[in-house]
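**Q** Predicted model and sequence follow; I will ask about them next.
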Amino acid sequence: MNQHDPTATTSDTQGQKPATTPQKWAVWSAQPTSPAATETTNQTTAHYAGSAVRQTLRRFMRMRASVVCCVLLLLLTTVSVAAPLLATHDPDATDLSSSLVSPSGDHWLGTDQIGRDTYSRLIYAGRVSLLAAVEALVVSVGIGLPLGLVAGFARGKTDAIISAVTDAVMAMPGLLLAIAIIGAIGPGLTNAMIAVGVLLSPRFVRLVRASVISVRENAYIEAAITSGTSPVRIMGRHVIPNILPPLLVQAAFTTGFAMLAEASLSFLGLGVQPPQASWGSMLNSAYQTINQSSFQPIPPGIAIAVAVLAFNVIGDGLRASIGREEYRS
Amino acid sequence: MNAALEVANLSVSFLTDKGWVQATQDVSFSVDAGKILGIVGESGSGKTVSCLAAMGLLERESSRLAAGGSIRLGGHELLGLSSREFQKVRGDQIAMIFQEPMTSLNPAFTIGNQVAEGLRRHRGLTRKKAQQRTIELLEMVGISDPKATVYYYPHALSGGMRQRAMIAMALACEPQVLVADEPTTALDVTVQAQILDLIRSMRDELGIAVVLITHDLGVIAEMCDEVAVMYAGQVVEQASVDELFEHPSHPYTEGLLASMPRLGSNRQALGVVPGRVPAPWAFPEGCRFAPRCPYRGEICSNPPELQPIADGHTSACNRVAELHLEGIR
Amino acid sequence: MTNNTAATRTTATDGGIGNEAEVVSPLRTIARMVARRLARSVVLLFIVSIAAFGLIWLVPGNPASTLAGEFPSQEEIAAVESALGLDAPPHRQYIDWLGSALTGDLGESLRSGRSVSSEITARLPVTLSITFFAVVFALLVAVPVGTLAAVRRGSLSDRLLTVGSTLGVATPSFFVAILLVIFVALNSDFFPATGYVGPSESIYDWVRHNTLPGIALGLALAAELARQIRSALIDVLRSDYVRTARAKGIPERIVLTKHAYKNSALPVVTILGAQIATLVGGTVIIESIFAMPGIGGLAISSVLSQDIPVIQGIVLVVGALVVAVNTLVDISYGFFDPRTRQ
C-alpha cells in the first residue's frame, strides 16, 4: 500500500489514533537497549579520544624519563656517600708539577690549577652540593609549612599579613635578596643555605595555605571546627594527607632550585668556603683558568645541570602522575 | 536554476588513533535561495561535520573527503579549491554561525572590529566605511544602540546579543548561504524564539538560503521548508516539513517525532529512542539504525539505499513499504 | 510580519536581558583598574622597604661594632652608630631612612664614603642593559619556536622543543655563560668576553658587549616562554572564536597573528612578569662572569665588606624596579583581555 496516498493515510491515522498512539509510544519507550547501542560514544568524544590516548602515552613517556632521573639521582647520592671509596686521589692534595693537565688514565677528568684531581674533587663536591640543597629544602618547608597552616586556619588579619609578606618576597629577585641576607649574617655555606631556604619558603606558604583553605571549604570540616574538634586533629587527619602530594611535587622543584642557588652563591664566593668545594665553587675556580684550560669548567657545569634537570623532571613526572594540575598537552 | 547550495555524496573521514574512520557517508542535500533546510539528528549523527566540510573548515591534515563528492555553491564547485581560494568564498558567499555565542566571539577584540573584519577582507572597505556598514548591520539584526555596541567587547553583551552580533558578522558580506549550527541551543528559551525570528526575517529580507542544524524538531516545524534527517553519518530521510511530520517514512524519524513534546500531549507517554548513536568506528553493518529499531527484521542486515517514495520524499529504510509509521498532524 | 517590527520587538525584550546598562565608560574602568594595581604596588613597596631596612637587624652582635671593621676603636663604633642612626629607636630609624630614601638620599657607603644613590645610578644601566638583551633574546627565540611547535604539534620540531626546553630550564645561566665564553668569545673577536660599553658611547659596541650576557641570562627564560607559548597557542587554536575567524575567511596567517596571539599573550606576559625578578637576580652572576660593572658587582663587594647601607639601597632600588615592572605587566592584562578591566 502506498503510504503517501494522502486520503488513505489521513483516514488511516484518524481511525487509529486513539488506540495506537500510546501503544506506538510504548514501542519507543520500552525498547530494550541493544549492546551495540550502549557501548557507543558520541562523535565528539570519539574525535578527541585520539588526543587523550596520545596524552596518556606521552604521560607514560615522561614518567619513564622521571624513572630514569630517579635512578640518576640515586646514583649521584650513592657516589657522594661512597666518595672516599670511589675517589682516585685525595681531593685536596695539591701537586703543582701537574697543574691543569688534560684528562688521562691517571687523572680521569684532568687537574685544576694547583694540580688537584678534578674527578675526585667532583664527587666530594657532589656531597656538599646535595647536602646543601637538602638543607635549604628543610629550612623552607620548616618555615613554609607552619606559616601556611596558620595563614589558612587563622584567616583575617594574620592571613593578610602573611600573604602580603609572601607576595613581597616572591616579587623580589631571590638571588639578590639571598646575597643581601648573606651580607648581613656573613658568608658561608650554612648561612647561604639558610638564606636560600628562607627565600624559597613562600612557595610552601602559598601551597599549604591554599590547601588548607580548600579543605576548610568542605562542609564536614566546617562542621568539625564548629563542633570543637581541635585544629591539630583536623590538620593531622584532613589537611596533611591532602597537601602531601602537591608538597612532594613542590619539594622536587624546590630542591632543584636550591641546588641552582647554592651553585650560584658558591660561584660568587658567598657560599662554600675553601678548601671545601661544591660544584659551584669548582666552576668558579675553573673559570679563572679558562684561558689555559677550557675543559675544566665542563665537568662541574654538567654535574649541576644534570642534577637540576633530574629534580625538575622528577617534579614534572610527579605532578603528571598525581594529576593535581591540569595536564597540558 | 541552480540550488544555492548543493552538497552531494559527501563522505568525510578523520584520522584517529584507530586509523582513518569514516564519519559521514554519501551525504547529499540541497537548499534553494530563500528557503530554509533543516538538518536534524542526535549529536554524533554527522550534521555538523557535513556542514563544516561544506564550509571547508575541517583540518586538512586530519580529515579527508572521499572522491566523487561535490559541494556546489550557486553552481560553482568548491571541492578541489586551494585553501586560499576557499578563504575567498568563505565568509563572503557562504557564512556560518555557531552554537555557543559565549565562546564564538573573540574576547580580545571589540564587536565592531570582529564584524568589520570580514568586510575589510572580502570587500576591501576602508576602516571608516567598514565601521559605517557594521553599525548598519548591527542595527539590522536588532541590536539597540549599535553606535555604542561597536566599541563593546563581547563580555559586555548577553548571550542573545552576542548571537545577534554573530549573525551580523555572518551576513556582513551578503552571502548566498547561511549555515546555522544549533544557533539557539545555548540560549534562554525566550531569547531562542527571538533569534529564530531574526534568522527567518533575514531570510525574508535578503532572500538567502539557510541551512539550520538542530536536534529539535520543534525548531524544524517552526522554521524550515525542507528537512533532512541524519543518523550515524547518513541522511536517512528527506522531505518537505509537512510531508515529514505527517508521513514519516523512517523508523528513526518516527522515534524522533514520538519523543517530541507538544501541546496537549501526555508527558508520561513521551517516547524515547533507546540507546545512542554509535561512534564512527562502531557503525553496524547493514542498516545502521537496526540495533535501535523496534521494527528491525532480517532484511535489515542489508544496507538500505536512500530511495524516492513520493514526490520530493526519500527514505533509507528497507521495510518502508511494509510499515505504517505514526506522524504528527 | 516585516523584518523591522520583528527587530524592534525582539530588541525591546533582549535589551533588558543584556547588561549594557552595567557597562561603564571604558576609560573609567581602566582608570579604576590602574588605581587598584598601583595601590597593591604601594603595599608591596612598603614591605620591600621594611625588608631592606630590616637587614641591619640581621647583623650578628652589635651592628655598629661588627660593621666598623676589624678591631674598631670606640670612636669608630660611635661614628658608624650615628652614620646609621642606630642610636634612635627602631621605628624612628626606619622613618628617617625611608624619608631620606624618598628624596633620593640612601646614605653613604661605610667603605668608600660615597653616596649610595650615585653608586647605584652609575651601575644601574649595565644591569638594565643585560636584562633588556635577555628579554629580547628570549622573545626572539621563544615566539617562533613556540608557534612552530603549536602549529605542528606532535611533529619532530614539537618534540625537540619539549626536550630542549627541559634542558634549557635546568642549565644554570652561569654555565651557559662559561660555555659561550669558551666556544664563542675565545674564538671570535666580535663578541668580547669582558667589559661593558654604554649605548650613548656606541650602539654598535653596546650590542657587541651585551649579546653574550643576554643570551646566557635569557636562555632559561626562552625555554620557559617557548613552552608556555606552545601550550597557550594550542588551547587558543582549538577555541570556538578561532573557528569563527576561519569561518569568516580570514587567512590562517592572520588568524594566528591577530586572533591567536593576542589571546595567548596573557599567560606569556604573566610568565615574563614573574621571571623579571629572577632575571634581575641572575644579572649578578652574569656580570661577574663577563666582568661588567653593574649592580651585581656592587652587591657582591658590599656583601663581602658588610657595607650595609649600600646593600639596603640596592635591595630597595631593585625591589622598586621589579614592583614597577610587575605593575606594568598587571596593567597590560587589561589590554590583552578586556574582561580583566572590570
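**A** That came through, no problem.
**Q** And the residue nearest the centre of chain B?
**A** Nearest to the mean C-alpha position of chain B, by C-alpha atoms, centre = their mean, lies B:Ile213 at 2.8 Å.
**Q** near chain A, anything from the helix or strand containing that one?
**A** If you go by DSSP states H and E, B:Ile213 is part of strand B:209-214. No. Looking at strand B:209-214 against chain A by C-beta under 8 Å from any C-beta of the partner chain, there are no contacts, and the closest approach is 13.6 Å. C-beta here means a position set from N, CA and C on the backbone, and glycine is covered the same way.
**Q** do that strand and chain C meet at all?
**A** No. Strand B:209-214 lies out of reach of chain C by C-beta under 8 Å from any C-beta, never closer than 13.3 Å.
**Q** OK, contacts around the residue nearest to the centre of chain B?
**A** Under the criterion of C-beta atoms under 8 Å, 6 or more residues apart in numbering or on different chains, the contact list for B:Ile213 reads B:Gly38, B:Ile39, B:Lys47, B:Thr48, B:Cys51, B:Val179, B:Ala180, B:Asp181, B:Glu182.
**Q** Could you export these as CSV, including distance to chain A?
**A** Formatted as CSV, these follow (distance: C-beta to the nearest C-beta, whole Å):
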residue, distance to chain A
B:Gly38, 19
B:Ile39, 15
B:Lys47, 10
B:Thr48, 9
B:Cys51, 14
B:Val179, 18
B:Ala180, 19
B:Asp181, 13
B:Glu182, 13
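**Q** Filter the residues you listed down to the ones in strands?
**A** Among these, the members falling in strands are B:Gly38, B:Ile39, B:Val179, B:Ala180, B:Asp181 (criterion: DSSP state E).
**Q** mind checking pLDDT for the residue nearest to the centre of chain B?
**A** Note on B:Ile213: pLDDT of 94.
**Q** Give the bridge partners for it, please.
**A** B:Ile213 has these beta-bridge partners by DSSP bridges: B:Ile39, B:Asp181.
**Q** what bits of the chain have low per-residue confidence?
**A** No chain was given, so I picked chain A. A:1-62, A:321-329 (pLDDT under 70).
**Q** wrong chain, I was asking about chain B
**A** Checking chain B against pLDDT under 70 turns up B:1, B:262-271, B:329.
**Q** In it, spot the helix with the most residues.
**A** If you go by DSSP state H, chain B has its longest helix at helix B:189-206.
**Q** residues of it that come out buried?
**A** Within helix B:189-206, the residues that count as buried by 16 or more other C-beta atoms under 10 Å in any protein chain shown are B:191-203, B:206.
**Q** Let me have these in JSON lines, adding distance to B:Ala239 as columns.
**A** Shown next, in JSON lines, are those (distance: C-beta to C-beta, whole Å):
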{"residue": "B:Val191", "distance to B:Ala239": "30"}
{"residue": "B:Gln192", "distance to B:Ala239": "25"}
{"residue": "B:Ala193", "distance to B:Ala239": "25"}
{"residue": "B:Gln194", "distance to B:Ala239": "28"}
{"residue": "B:Ile195", "distance to B:Ala239": "25"}
{"residue": "B:Leu196", "distance to B:Ala239": "21"}
{"residue": "B:Asp197", "distance to B:Ala239": "25"}
{"residue": "B:Leu198", "distance to B:Ala239": "26"}
{"residue": "B:Ile199", "distance to B:Ala239": "21"}
{"residue": "B:Arg200", "distance to B:Ala239": "20"}
{"residue": "B:Ser201", "distance to B:Ala239": "25"}
{"residue": "B:Met202", "distance to B:Ala239": "25"}
{"residue": "B:Arg203", "distance to B:Ala239": "20"}
{"residue": "B:Leu206", "distance to B:Ala239": "26"}
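**Q** just the helices in the chain please.
**A** I went with chain A, as the question did not name one. Taking DSSP H, the helices of chain A run over residues A:6-29, A:35-38, A:43-81, A:83-86, A:118-154, A:156-171, A:174-185, A:189-216, A:219-226, A:231-234, A:240-267, A:279-288, A:298-322.
**Q** that's the other chain; I wanted chain C
**A** C:3-17, C:26-58, C:63-67, C:74-84, C:90-102, C:116-151, C:156-170, C:173-180, C:203-237, C:240-247, C:252-254, C:261-289, C:295-304, C:308-336.
**Q** quick one: B:Gly80 and chain C, what's the gap?
**A** 17 Å (C-beta to the nearest C-beta, to the nearest Å).
**Q** nearest residue to A:Pro202 other than its sequence neighbours?
**A** Leaving out its chain neighbours, the residue that sits closest to A:Pro202 by C-beta to C-beta, 6 or more residues apart in numbering or on different chains is A:Thr166, at 4.2 Å.
**Q** quick one: contacts for the one you found?
**A** A:Thr166 sits in contact with A:Pro202, A:Val205, A:Arg206, where contact means C-beta under 8 Å, 6+ apart.
**Q** What is the burial count for the residue of chain B found nearest chain C?
**A** With C-beta to the nearest C-beta, the shortest gap between chain B and chain C falls at B:Gly91, namely 3.2 Å. Residues contacting B:Gly91 under the criterion other C-beta atoms under 10 Å in any protein chain shown number 27.
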